[in-house]
Each structure stands twice: as structure tokens, then as C-alpha cells.
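Trainee: sequence isn't available, so here's the structure alone:
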């Protein structure tokens, strides 16, 4: 009998541990991990995937962190600054992927290393708060295995960091060694992280393997006690009825084995089919469209009223930007760092400061340089050309802008708007503007070069510009050409502060060049 009781206790122990591991598996996310900040959540103008990356299980599937999950371009940092002299970690970088590791912060700049699977694409970096690369030193002959794990270590001295990548060493300059948050960022492709160890003078100060074993012993113990108490009651009840304790124990062993097998099957099912799987792509897109349509239905009128109320009584001449989330400013740390606001600031400064400022102001809008130009940002997340044209026609045109920039195509393309419908909407904008003596400038809405998916609606915009003799500014091509100048994207469509700066500057440069054509 003692052996039977011992077997039951062993089975109950395994059941309690397996059930606890199953529970912890379904709750293994960065929010419950509580060691890391997700930088996308800290920006005011929110972007796709940030909350899902923080709260869902896919990023920590199989107890590794995948920075490529939920639209990629993720960035995490330790919650606390650490004083340390040694950092090591394992990383699996997929084809065309890269990892940027931040290992030192000094006066708001980051000393970082970019490790890329592409040839000649690994660098020591000094990164500004906006994401611009202030310094960039190539690391020669970095060899990354894309089909297996790579080991990276960083040894920090006062003026230099020694980077070891698969046992080959490189050196990166340090601005000044200081207590720092350790961070990691990637692009669109999958990059896995694991086994992060941070130490100082050979003493481990931080360790992370992204497994969820918090309170494993406590939860397992409580569950073990509950299982045993319940089983004792069941055994006594069954014995009271059958008067056969041995039979009762045998049935209990069968139940335990069945329960253990069921828990293990559930664990494996969740591990294979749940924690790492995303919603069906078609279903996900449909849900996204539904959610954003609800946003459009609920918010478009409110945003439109806000635009009208804030700009109706302003005497300044107006330039209007029409677009969706990128134009709204998604990805900017603050609204005033979105490209329409930056454009307003640099345009007015250019008019005021330029030696030919009076001529510039008159050529652009027929005003004196003493007047300020007001930028009206009508960006609404989730909208397509159809909704925005209707709102422009019914409301925003009443503000009598002198020039309208149209920054559209991505949502229309993503949501499978028919190309003819998109073309008709853009032509309607142009026709209405011509009737009201408003100049139209088309913008080719940018997306990350890493996406590797051609937005065919860009060609529609080029054709319209040529046929209608409309000026067009190719932001997409410009950002692609300048992709190596900094961290430009928070996802494949929403720029960082630096990305917004580049967009504003490029629009201004082209705007000044074409001023003769828009008189």
C-alpha cells in the first residue's frame, strides 16, 4: 500500500508541475516578465503592434524573445540603469535581419552596435535621441550564422567597448562610461534573443532567459495540496460506498495518469499551436479593418470638428496635409515632432531667415515674410482616400488652404481598395482644388525599404501627376536612399522622430525648388 500511496504522490507532483507550467506558458509575456520597457509604448503618437508585443505570448514563444513579432521594429530596454562592465547574450538573426544593441547611454546619446546578417552592414553606432546616427564605424568581416545561434559579448572599459561576435573581436568607441539601460532593437525581420547576462566585476547583476518560472514552486505546491486534499476526500467517499480501498486507489492512479496525460497534451498543443501562432492573416487584416473602421466612424467627425475649430479663425495663410496615420504623426514621440508640425516650423524659419525671404514668401503664397504660414494637419488613422475626400469636400476645403499636400496610398493598398477607385479619389481632390484655385502637391507615401513589397498605387500617383501636370514628391524613394542615416522606422509605415524630420526636410527642399511652378 505504501508504494501505491507513493506512486499517487509522485503522479500528483507531476500533475501539479505540468499544470503550473501550462498556466505559466499561457501567461509568458513581457508585461508579466516585468524586466523590460517596450519603447513603442513610450511614444505619444502610437504605432501598430506595441500593446500586442507587450501583452501577447508570441514574442516569448519557446522562451526566446522575438523582436520581429507584431510588425517588427521592436525595441526593449531594461527597466533600470545598470553599472556594469560585461554583457553577453545569444541571438539568432534571420536572413536580411539585424540587431542593434544599446550598451551605453551618455547625455541622451546611445553607444550601440549593429550586427547584421548582410555583408558590410555591421557598425559601431552613436545614436541621437531622435534616432539619427551621429557616428558610424564599419565592422569588417562580421560573420553571422542565420541558421543557428550566435554568441555576442561586450566588455566595457572607460573609452572603448570590445565587441566579440562568435569569438571574433571588434572595438567600438565610448563617449563616456556611465550607468546605462541595456537595450535591443531590430528591423522588420525576425531576431531572437536569449541568455542575457549583465555583470560587474564578475558579479551577475541581471540575468534573463525569457522563461516564465516566476512562482513556479509556490503555485505548484498550492496546486499539489489542493489535488491531494480533493483526492483524499474522493478516496474516503469511494471507500465509504465500495468498502474496497485498494480498488479506490487503483482507480485514482488511472485518473491521475489520464489527468497527467491530458495536461501534457494541452501543454504541447498550446506550445505548438497557441503561444507562437498569430491570428490568420486574412482574419487579422479583416479585424484590423473593422477596428480602424470603428475608429473612423467614431472619431473622424470629432477630429474634423477639431480641425475646423482650431483653424477657422486664423488669419494666416494655410497649407493643408491630407492623409492617414503617417500624416497624423504616428511614430513621433510627441505631436509637435510629426512631419507636418516640423515642416511648419522649418518653413516659417526659412522664410524669415533666408536672404531672399520676402521673395520666397511671395512666391509661395503671395504673402510677406512677416506673416506666419499655418499648417493644417488633417491626418486621421485608419482612413482611406474615400473617407478623406468626402471630409475634405464637405468640411476642410472651407478653410481655404492655398496648397494641399496629399499623402495617401498605403491604407488604400493594404485594404484592397480597387486601383480605379483610388485613382478616381485622387483625381477628385485635384479637380475640386482646381475649381477653388488651390494648388495640389502629391506625396508618395513612404514605407520601410525592409518591407520588400511594392505599393503599386505609387505608380498610379506618378501617372496622375504626369497627366494632370501636378507636382509630386517621392518621399518613399528619399527615405529608402537615406535608410542608413539613422533609425527611421517604428514599423513598416510609421517613422521615428528622425524619420519625420527627414520627411519634413525633403518636402521643404522640394517645395522651395518648385515654388515657381505653384505661383
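Mentor: Received, thanks. Remember, predicted model here, so these are calculated numbers, not experimental data.

Trainee: OK, contacts around residue 484?
Mentor: 133, 136 (C-beta atoms under 8 Å, 6 or more residues apart in numbering). Using the backbone N, CA and C atoms, a C-beta is placed for each residue, glycine as well.

Trainee: you'd agree it is in a helix?
Mentor: Yes - applying DSSP: H, G, I helix; E, B strand; the rest coil, one finds residue 484 inside a helix.

Trainee: that one and residue 130, how far apart?
Mentor: 16 Å (C-beta to C-beta, to the nearest Å).

Trainee: repeat for residue 415
Mentor: In this view, residue 415 and residue 130 are 31 Å apart by C-beta to C-beta.

Trainee: show me where the stretch 51-200 of the chain has strands.
Mentor: For the stretch 51-200 of the chain, strands defined by DSSP state E, counting those that start in this stretch occupy the ranges 65-66, 75-78, 86-93, 98-106, 109-116, 123-127, 133-138, 150-156, 160-165, 168-173, 183-186, 191-200.

Trainee: elements contacting the shortest one?
Mentor: Which is strand 65-66. Where contact means 3 or more C-beta pairs under 8 Å, 6 or more residues apart in numbering; DSSP states H and E, strand 65-66 is packed against strand 191-200.

Trainee: what comes up buried for the following helix or strand past the strand it packs on?
Mentor: Following strand 191-200 in sequence order, the next helix or strand is strand 203-208 (DSSP states H and E). Within strand 203-208, the residues that count as buried by 16 or more other C-beta atoms under 10 Å are 206, 208.

Trainee: the closest residue to residue 172 other than its chain neighbours: how many residues sit nearby?
Mentor: Nearest residue to residue 172, sequence neighbours excluded (C-beta to C-beta, 6 or more residues apart in numbering): residue 124, at 3.5 Å. Applying other C-beta atoms under 10 Å, we find 21 residues neighbouring residue 124.

Trainee: beta partners for residue 124?
Mentor: On the basis of DSSP bridges, residue 124 is bridged to residue 113, residue 137.

Trainee: that one against residue 140, yeah?
Mentor: No - the criterion here is C-beta atoms under 8 Å, and residue 124 misses it with residue 140 at 11.4 Å.

Trainee: so for residue 40, what's the nearest residue that isn't a sequence neighbour?
Mentor: Using C-beta to C-beta, 6+ apart, the nearest residue to residue 40 is residue 50, at 3.6 Å.

Trainee: roughly how far does that neighbour sit from residue 178?
Mentor: Distance from residue 50 to residue 178, by C-beta to C-beta: 28 Å.

Trainee: please apply the same query to residue 211.
Mentor: On the measure of C-beta to C-beta, residue 211 and residue 178 end up 31 Å apart.

Trainee: neighbour-wise, which of these two wins?
Mentor: residue 211 (17 against 13).

Trainee: now do the contacts for the more buried one.
Mentor: By C-beta under 8 Å, 6+ apart, the neighbours of residue 211 are 28, 63.

Trainee: for it, which three-state class applies?
Mentor: Secondary structure, three-state DSSP: residue 211 is coil.

Trainee: what is the burial count for the residue nearest to residue 40?
Mentor: A count of nearby residues for residue 50, using other C-beta under 10 Å, gives 20.

Trainee: what's the first-to-last distance across stretch 235-250?
Mentor: One end of stretch 235-250 to the other measures 10 Å (C-alpha to C-alpha, to the nearest Å).

Trainee: surely residue 498 touches residue 127?
Mentor: No - when contacts are counted by C-beta under 8 Å, residue 498 is not listed as touching residue 127 (9.1 Å).

Trainee: ok, the residue nearest to residue 40 - contacts?
Mentor: Residue 50 makes contact with 38, 40-41, 70, according to C-beta under 8 Å, 6+ apart.

Trainee: now the two most distant members of these.
Mentor: 41 and 70 (12.1 Å; C-beta to C-beta).

Trainee: okay, these two: which has more neighbours?
Mentor: A direct count of neighbours by other C-beta under 10 Å for residue 41 and residue 70 places residue 70 higher, at 22 against 13.

Trainee: residue 52 is in contact with that one, correct?
Mentor: Yes - counting by C-beta under 8 Å, residue 70 does reach residue 52; the two are 4.6 Å apart.

Trainee: need the contact list for residue 100.
Mentor: Counting by C-beta under 8 Å, 6+ apart, residue 100 has contacts 112-115, 125, 184-186, 487.

Trainee: how about the helices in the stretch 301-450 of the chain?
Mentor: Secondary structure of the stretch 301-450 of the chain by DSSP state H, counting those that start in this stretch: the helices cover 325-328, 339-353, 357-365, 385-394, 410-414, 419-435.

Trainee: now distance to residue 28, mean pLDDT and mean neighbour count too, for those, in CSV please.
Mentor: CSV is the format used below for the helices of the stretch 301-450 of the chain (distance: least, C-beta to C-beta, whole Å; pLDDT from 0 to 100; neighbours: other C-beta atoms under 10 Å):
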stretch, distance to residue 28, mean pLDDT, mean neighbour count
helix 325-328, 30, 96, 25
helix 339-353, 38, 89, 20
helix 357-365, 56, 55, 18
helix 385-394, 39, 96, 19
helix 410-414, 31, 94, 22
helix 419-435, 42, 97, 17
